[in-house]
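[1] What follows is a predicted protein model with its sequence.
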Amino acid sequence: MILAFVATSFAYLLSAWMMHPEEVLYPPIATEPVPPATAQMYLDVRNVNPDTPIFERYANWLGGLIRGDFGVTTGTNKSMVPVIDELATRIPISLRLVVIGTAIGTFLGILFGMIAAVRRDSLGDRLSTLLAFFILSLPTPVIILIVQQTNQTIMDATGWGLPAINPINPLLEAGSWASISYQIKALIMPTIVLAVTAAASYSRYMKVTTLDVLGSDYLRTARAKGLTRGKAMNRHGLRMALIPMGQYFAFAVGGAFSGSLFVELMFNWQGIGRFVISAIGMADVNGTAGVVFYTAVLTLLSATFADILQGALDPRIR
């Protein structure tokens with residue numbers, strides 16, 4: 001948690017120094033200038049008054065952070081919504097995408113990477129390698145457009161398709177099976193995008209680690225005893241090949257979060273990704289710092305999970 005605190009503090013100081021929420025709240029080109037006393041009151045209550053020294057603002061923010069209070073949203077939001085409330089509403093939406101997409105992508109990447117290594121130089125290996133590099137070369141928005149256009153083409157041809165945007169249909173009764181079914185369908189395309197990009201990345205890394213294991217002495221001994229390459233890998237090599245994947249998984253979570261920014265924007269999901277984009281655009285100092293804290297905690301949790309996984313796979317680490 002110390003690293004999360006340091007990262008969040010740095011993000012707050014940098015945001016407070018570079019962002020100018022007073023220009024968003026009261027733009028200089030406003031046709032009806034706000035009385036200076038009113039403007040000062042609005043900025044003071046949000047702890048973003050540029051006339052207050054930055055370290056004094058940081059001390060006020062830090063005092064709230066110790067109590068679990070990230071302050072209120074700044075920018076154009078006059079209702080002063082607590083940042084913690086925004087995070088509590090949006091984090092489950094983003095985690096739904098990131099966790100499911102990453103889990104599916106990790107499984108597929110490990111599977112295809114291992115098969116490509118075991119069947120090295122085969123047609124399947126070359127095709128999977130070509131496809132993986134093709135996917136990795138495409139920006140996330142392009143992959144999203146391809147998935148959306150494919151869905152639209154199927155819909156035009158068959159009359160059936162998945163919801164293109166909005167995970168919630170306001171015309172359906174909340175909590176009804178029709179509403180739940182719509183949300184499940186709306187989750188499919190964003191999950192495909194995240195899973196495809198994750199699988200392409202994991203498959204390349206898994207292939208490299210598997211090839212290292214295939215060249216090890218103990219696996220050559222197993223093959224000399226009559227086991228095929230695939231059986232030797234399943235019985236003796238898979239666990240060792242998965243060990244380096246643990247640390248890669250910890251750092252790949254940040255990449256999954258970055259990819260979800262575009263997914264949430266282009267599929268109109270009101271998650272953390274969409275919130276951080278609007279926060280930066282509105283010079284929301286407190287909101288930006290809150291998102292950095294969430295990202296830091298998510299990365300630390302994934303790193304802890306990776307360490308536990310490595311300990312389970314490799315008894316030498318315990």
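    Thanks, I have it.
[2] and Thr38, backbone torsions?
    Main-chain torsions, Thr38, degrees, to the nearest 10: phi -70, psi -40.
[3] any idea how far it is from Asp44?
    Thr38 sits 11 Å away from Asp44, going by Cβ to Cβ, to the nearest Å. For the C-beta atoms, the positions are set from N, CA and C on the backbone; glycine is no exception.
[4] Of those two, which one has the most company?
    For Thr38 versus Asp44, neighbours defined as other Cβ atoms under 10 Å are more numerous around Asp44 (14 against 10).
[5] wouldn't the more buried one be in contact with Thr52 here?
    Yes: with contact defined as Cβ atoms under 8 Å, Asp44 counts as touching Thr52 (7.4 Å).
[6] And the helix or strand where Arg220 lies, how far out from the chain middle?
    For Arg220, the host element (DSSP states H and E) is helix 217-224. Remark: helix 217-224 is offset 40 Å from the chain centroid, using Cα atoms, centre = their mean, to the nearest Å.
[7] Check stretch 210-227 too.
    Mean-position distance between stretch 210-227 and its chain equals 37 Å (Cα atoms, centre = their mean).
[8] And that stretch, end to end?
    17 Å (Cα to Cα, to the nearest Å).
[9] mind listing what's buried in that stretch?
    210, 213-214, 219, 222-223, 227 (16 or more other Cβ atoms under 10 Å).
[10] And these, which is closest to Tyr58?
    Set against Tyr58, the nearest of the buried residues of stretch 210-227 by Cβ to Cβ is Thr210 (48.2 Å).
[11] and that closest one, how far is that from Leu111?
    When distance is defined by Cβ to Cβ, Thr210 is 11 Å away from Leu111.
[12] Repeat that for Gln149.
    Taking Cβ to Cβ as the measure, Gln149 falls 27 Å from Leu111.
[13] Looking at the two, which is more packed in?
    Neighbour count, other Cβ under 10 Å: between Gln149 and Leu111, Leu111 has more, with 14 against 11.
[14] Can you classify Leu265 by secondary structure?
    At Leu265 the chain is in helix, as set by DSSP: H, G, I helix; E, B strand; the rest coil.
[15] Check what pLDDT it gets.
    pLDDT recorded at Leu265 is 84.
[16] any idea what sits nearest it, other than its immediate chain neighbours?
    In this structure, Leu265 finds its nearest non-sequential neighbour in Arg274, 6.0 Å apart by Cβ to Cβ, 6 or more residues apart in numbering.
[17] wait, isn't the one you found in contact with Met266?
    No: using Cβ under 8 Å, Arg274 makes no contact with Met266, being 10.2 Å away.
[18] quick one: common contacting residues for the two?
    By Cβ atoms under 8 Å, 6 or more residues apart in numbering, Arg274 and Met266 have no common neighbours.
[19] What mean pLDDT does the helix or strand where the residue nearest to Leu265 lies get?
    Using DSSP H and E, Arg274 sits within helix 272-281. For helix 272-281, mean pLDDT rounds to 84.
[20] What are the buried residues along it?
    Buried residues in helix 272-281, counted by 16+ other Cβ under 10 Å: 272-276, 278-279.
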